[in-house]
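Visitor: Okay, structure incoming, though there's no sequence with it:
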């Protein structure tokens, strides 16, 4: 048998590389190792399996731990695609240009270290792109609503998608460019719940016709060189919460939620329960406890117009135990909402009715006032809502001339009320029974130093709950102050000597004993 020529060997190798991305990467790709420099790309079993998934599926979404080499694997797959296929257009999108540039840099390292016979001429090569003579190219861009628009794309890669702010708008734009048969790979570590990456993952896991993504979860355990000792070190170096985000592929323990995910999970497992009754035309008034005549209640209400995406919401809270006993969220007109609040307030022992007075809240408040509800909450004008100020300034809570109806959620009171809620939950000082409220807590996040619902979600139940907890503190302090004042008054009555003491009277009805010890005969009155 004749010995194979070099040309035949190269031809065979080229065919093998063209047929198998795995073979191409393992045998001919070099990667930049952080400590060892350039090393061959030896794929782990989980990486080979992921690579096969890239080739078998048009849409892939990968929930991954950090430092598993998935971004490097994606770079190798991208290089294989443009080398062995003509006129392929690959777009890499990330949170910013530097992040997306990193993936293209990995492509450059692999391409530059290929044997000459595997390379094609690069018509264009820079930090953000590489275009080969066969018409195929890779380009890196920062995320924006217009990224990739008007381009015919063969493959879109969105790196760290959970951290991209406008990811939904971005994907809506890119999806149109893929409609002619392009592929999409979305990969990220988790960043809490409620963002585009989380919602897309949940829908993909649920299946159905809407979402065609193939899901792949890659926690830290898939790496053969990692063990529990390595995981424990991550807790020490990164902190428990950040380590959970970076390593565990768990949405609930990641992200920047206002209330810690661990506490939300505690409440979900400990207190959340089905209501004993669901009332109202829409069935959205949930009741866990009927009114107890011996208890005092607060109703804290947030008001919406009754249309659009916002909802009116209120909670009924038993003051002493801080226990949620009823809840409503739905879309009612401001007048109907006012009538409902009056009815529920009357039912719960004329509960203290706290209604936010911003914007459309006034329409609801006006209806409550017109109905003559006698226990409506008032706030002092131009003053921070603080029980200590009520007490130290000696405000007369019965004098409404300097007060305004409702609760003022201002720039001053909003962060204070949210902080109060977080403190109550962290110290397990309140009882939450509503799954709807717990679900909102999972997507109530810090965004640019402001606490708000994640994009596409609502926080109506949360904000009304914050009102209730804030006012509860005020109500309890004022009630305690009133009790102490009454006690002092009673004590003073017992200890104070009267100005006039009735003189003692002897057996002689006409003889009166005087305080100086003498007596006086009052027969002269006859």
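Guide: Here it is on my side, so go on. Everything numeric here is computed off the predicted structure, so don't read it as measured data. Numbers count the residues shown, from 1 in each chain.
Visitor: Residue 320 touches residue 294, doesn't it?
Guide: No - here residue 320 does not reach residue 294: they are 10.0 Å apart, not a contact under Cβ atoms under 8 Å. Any C-beta I mention is one placed from the backbone N, CA and C, and that applies to glycine too.
Visitor: The two: who's more crowded?
Guide: residue 320 (12 against 7; other Cβ atoms under 10 Å).
Visitor: need the contact list for the more buried one.
Guide: By Cβ atoms under 8 Å, 6 or more residues apart in numbering, the contact set of residue 320 is 295-296.
Visitor: In terms of pLDDT, where does it sit?
Guide: Per-residue pLDDT puts residue 320 at 91.
Visitor: Just read off the phi/psi values of it.
Guide: Phi and psi for residue 320, reported as degrees, to the nearest 10, are phi -70, psi -50.
Visitor: now it: how far from residue 281?
Guide: 32 Å (Cβ to Cβ, to the nearest Å).
Visitor: cool, residue 68 as well?
Guide: Residue 68 is 52 Å from residue 281, by Cβ to Cβ.
Visitor: These two: which has the busier surroundings?
Guide: Counted by other Cβ under 10 Å, residue 68 and residue 281 do not tie: residue 68 has more neighbours, with 22 against 9.
Visitor: Tell me which residues touch that one, please.
Guide: Counted by Cβ under 8 Å, 6+ apart, residue 68 has contacts 46-47, 218, 220, 222-223.
Visitor: Regarding it, which helix or strand does it belong to?
Guide: Under the criterion DSSP states H and E, no helix or strand holds residue 68.
Visitor: How confident was the prediction at it?
Guide: Looking at residue 68, the pLDDT reads 91.
Visitor: Check the one 10 residues further on too.
Guide: On pLDDT, residue 78 comes in at 94.
Visitor: need the contact list for it.
Guide: 90, 92, 103, 107, 138, 155, 157.
Visitor: So it: helix, strand or coil?
Guide: helix (DSSP: H, G, I helix; E, B strand; the rest coil).
Visitor: Can you give me the separation between it and residue 34?
Guide: From residue 78 to residue 34 the distance is 21 Å (Cβ to Cβ).
Visitor: number of nearby residues for residue 245?
Guide: Applying other Cβ under 10 Å, we find 25 residues neighbouring residue 245.
Visitor: contacting residues for residue 113?
Guide: Taking Cβ under 8 Å, 6+ apart, one finds 29-30, 38 in contact with residue 113.
Visitor: swap the cut-off to 7 Å and go again
Guide: Listed by Cβ atoms under 7 Å, 6 or more residues apart in numbering, the contact partners of residue 113 are 30, 38.
Visitor: In terms of pLDDT, where does it sit?
Guide: As predicted, residue 113 sits at a pLDDT of 93.
Visitor: Likewise for the one 10 residues further on?
Guide: Reading off the per-residue confidence, residue 123 sits at a pLDDT of 92.
Visitor: What are the phi and psi values at it?
Guide: Dihedral angles (degrees, to the nearest 10) for residue 123: phi -70, psi -30.
Visitor: Give me the distance between it and residue 310.
Guide: From residue 123 to residue 310 the distance is 53 Å (Cβ to Cβ).
Visitor: cool, and residue 48?
Guide: Applying Cβ to Cβ to residue 48 and residue 310 gives a distance of 49 Å.
Visitor: same check, this time on residue 35
Guide: 53 Å.
Visitor: quick one, which of those two is more surrounded?
Guide: Using other Cβ under 10 Å as the criterion, residue 35 and residue 310 rank with residue 310 on top: 16 against 5.
Visitor: Skip the chain neighbours and tell me the closest residue to residue 74.
Guide: Closest residue to residue 74 apart from its sequence neighbours, by Cβ to Cβ, 6 or more residues apart in numbering: residue 157 at 5.7 Å.
Visitor: now residue 219
Guide: Residue nearest to residue 219 in three dimensions, not counting chain neighbours: residue 249, with 4.4 Å by Cβ to Cβ, 6+ apart.
Visitor: Residue 278 too?
Guide: Computed as Cβ to Cβ, 6+ apart, the closest residue to residue 278 that is not its neighbour in sequence is residue 286, at 5.7 Å.
Visitor: List the contacts of the one you found.
Guide: Residues in contact with residue 286 (Cβ under 7 Å, 6+ apart) are 275, 278, 326-327, 434.
Visitor: partners of the helix or strand where residue 317 lies in the sheet?
Guide: For residue 317, the enclosing helix or strand under DSSP H and E is strand 312-318. Partners of strand 312-318 in the sheet, by DSSP bridges, are strand 297-302 (antiparallel), strand 323-330 (antiparallel).
Visitor: residue boundaries of the helices in the stretch 101-250 of the chain?
Guide: 167-177, 196-206, 228-238, 240-247 (DSSP state H, counting those that start in this stretch).
Visitor: Dump these to TSV, plus distance to residue 339 and mean pLDDT.
Guide: Listed next are the helices of the stretch 101-250 of the chain as TSV, based on distance: least, Cβ to Cβ, whole Å; pLDDT from 0 to 100:
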stretch	distance to residue 339	mean pLDDT
helix 167-177	38	80
helix 196-206	36	85
helix 228-238	53	89
helix 240-247	45	80
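Visitor: closest to residue 427 out of those?
Guide: Across the helices of the stretch 101-250 of the chain, residue 427 has its closest neighbour in helix 240-247 (18.4 Å, Cβ to Cβ).
Visitor: what helices or strands is that closest one leaning on?
Guide: helix 228-238 (3 or more Cβ pairs under 7 Å, 6 or more residues apart in numbering; DSSP states H and E).
Visitor: List the buried residues of the helix it packs on.
Guide: Using 16 or more other Cβ atoms under 10 Å as the test for burial, helix 228-238 gives 231, 234.
Visitor: cool, and stretch 65-82?
Guide: 65, 68-82.
Visitor: cool, stretch 48-66 as well?
Guide: In stretch 48-66, counting by 16+ other Cβ under 10 Å, buried: 50-51, 54, 57, 59-65.
Visitor: Going by distance to residue 13, which of those residues wins?
Guide: residue 51 (18.7 Å).
Visitor: tell me which element that closest one falls in.
Guide: With DSSP H and E as the criterion, residue 51 is inside helix 45-56.
Visitor: who's in contact with that helix?
Guide: 21-22, 60, 69-70, 73, 77, 185, 214, 216, 218, 222.
Visitor: again, but for stretch 421-429
Guide: 258-259, 263, 267, 322, 430, 465-466, 469.
Visitor: and it, what's its mean pLDDT?
Guide: Here the average pLDDT along stretch 421-429 is 94.
Visitor: what about that stretch, distance to the chain center?
Guide: 16 Å (Cα atoms, centre = their mean, to the nearest Å).
Visitor: For the remainder of this discussion, apply numbering that starts at 482.
Guide: Sure thing, new numbering starts at 482, so read that last one as stretch 902-910.
Visitor: which of the residues in that stretch are buried?
Guide: 902-903, 905-906.
Visitor: cool, and stretch 572-581?
Guide: 572-576, 580-581.
Visitor: Quick check: end-to-end length of it?
Guide: 9 Å (Cα to Cα, to the nearest Å).
Visitor: Repeat that for stretch 715-726.
Guide: Note: stretch 715-726 ends 11 Å apart using Cα to Cα.
Visitor: Stretch 915-930 too?
Guide: When the termini of stretch 915-930 are compared using Cα to Cα, they are 27 Å apart.
Visitor: and for it, what are the contacting residues?
Guide: Counting by Cβ under 7 Å, 6+ apart, 673-675, 736-740, 745, 748-749, 753, 767, 805, 808, 810, 913, 932, 934-935, 938-940, 942-943, 946 sit against stretch 915-930.
Visitor: partners of residue 611 in the sheet?
Guide: With DSSP bridges as the criterion, residue 611 is bridged to residue 606, residue 619.
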